[in-house]
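# Sequence plus predicted model, see below.
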Amino acid sequence: MNILVFSDNKKVKNCFSEIEAGSDYTVEYMPCSDLKKCAKKAAPGSLVYYDPSGSTQEEQVKIIRYLSRLNGYYYGILDPRSSIEDIASLFHNGASDYVGMALFKKGLSLKRQKKLSEFIRAGETAVAEETASAAAYNYRLSGPGWDNVKDGKEYTFCIMFIEIDDYSSIRKKFGVENFKTLTDRFHDHLEWDLSPCGGRVWMWSDYGGLVLFPFDGRECSPIMKCFRLMLNRKLINIEYFDIDFFLSYRIALLLGNTVYRSRGQTGTIVSDSVNTIFHIGHKFAEKGNFYLTSELAEYIPAGLENYFVHEGEFEGRDIMRMRLPL
């Protein structure tokens, strides 16, 4: 394995001296200022170490974000001053290693580095298995965020249908203007609540529509979001809508493929998945309930599995329904 060390600390070579003496690794040292220029030139599979001790907090954040987005590379953090407070956050952002002050002074052992290599290989195997699983389902992974999603190309998304129940009677009761105020608040609340996990309101009428979430084949955070939307309906009614009756809505989630077009440019889209989620929402879903298609079952968060029951089959898909609290 090739190791690239980006540090301005003169003692950094002492930290890697035992590893350099072995035959399984090559170690290259470069100044931090060269990190963005050189990391991309490294051979795929290289391990990149970054020492942030000479960088400002803002620079650290930018560089760690950059490292977390490098495809085909792994990264670790050298922290000779033990200045990083939230070490766990590094691993949440994809880091493979962290070297604090004590370990930096002691130096990295060859035995430790071999264990790290095994850990990295195990991660590669897991990713390969996930990719194979995705291929088996004909998934076109859009990734964990929107950075790699291009207009006009087809991807697999988690597609969410949500619509206000009995909207016609509510519109008659409130009048057109008041109903529009209510639905605008409904739309804005969804946009605010769902955007942290990548949700984009995509196709929308006055009273509901579709929300898209990128899908990376590993997790599906919209399930938990929708679960909370169902549990928190009474609070949402009180806090956001300022109405004297209970506003009910129904939700359905589906994993499916569609060409991505920006909101407002979706009129020419032809997608079986989009058609199906609309059909589930309009023809299958009952008022005030939350449904998901069975391919999402493996992504239900641990501890919530028993809250979903098999509800039936619709248009060739097995449908599960959330058990509602009494």
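Arrived safely.

# pretty sure residue 174 contacts residue 182?
Yes. Applying CB atoms under 8 Å as the test, residue 174 and residue 182 come out as touching, 6.6 Å apart. Every residue, glycine included, has its C-beta placed from N, CA and C.

# Tell me the backbone dihedrals of residue 261, please.
Phi and psi for residue 261, reported as degrees, to the nearest 10, are phi -130, psi 150.

# show me where the stretch 151-300 of the chain has helices.
Assigned helices in the stretch 151-300 of the chain, in chain order: 167-174, 176-194, 222-231, 233-236, 272-279 (criterion: DSSP state H, counting those that start in this stretch).

# Looking at residue 174 and residue 182 now, which is surrounded by more residues?
With other CB atoms under 10 Å as the criterion, residue 174 and residue 182 differ in neighbour count, and residue 182 comes out ahead with 22 against 15.

# ok, the more buried one - contacts?
Neighbour list for residue 182: 170, 174, 241, 243, 247 [criterion: CB atoms under 8 Å, 6 or more residues apart in numbering].

# Check the residues you listed for burial and list the buried ones.
Of all these considered here, the ones buried according to neighbour count by 16 or more other CB atoms under 10 Å are 170, 241, 247.

# could you check the distance from the second one over to residue 204?
Translated: residue 241. Here the distance between residue 241 and residue 204 works out to 17 Å (CB to CB, to the nearest Å).

# What of residue 36?
Taking CB to CB as the measure, residue 36 and residue 204 are separated by 39 Å.

# Out of those two, name the residue with the larger neighbour count.
In this view residue 36 and residue 204 are compared by other CB under 10 Å, and residue 204 has more residues nearby, 18 against 14.

# domain assignment for this protein?
Following automatic domain parsing, one finds the domains of the chain at 2-136, 154-322.

# For those domains, give me TSV that also has distance to residue 145 and mean pLDDT.
Rendered in TSV, the data for these read as follows (distance: least, CB to CB, whole Å; pLDDT from 0 to 100):
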stretch	distance to residue 145	mean pLDDT
domain 2-136	9	81
domain 154-322	6	89
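
# Of the ones you listed, flag the one that's most buried.
Highest mean neighbour count among those (mean count of other CB atoms under 10 Å): domain 154-322, with a mean of 17.

# Surely residue 216 is in contact with residue 147?
No. Here residue 216 does not reach residue 147: they are 11.6 Å apart, not a contact under CB under 8 Å.

# Can you tell me which of the buried ones among the contacts of residue 182 is closest to residue 303?
Residue 303 has its nearest neighbour among these in residue 247, at 28.2 Å by CB to CB.

# okay but that closest one is in contact with residue 233, surely?
Yes. Counting by CB under 8 Å, residue 247 touches residue 233, with 7.5 Å between them.

# ok so residue 320 is a strand residue?
Yes. Counting by DSSP: H, G, I helix; E, B strand; the rest coil, residue 320 is part of a strand.
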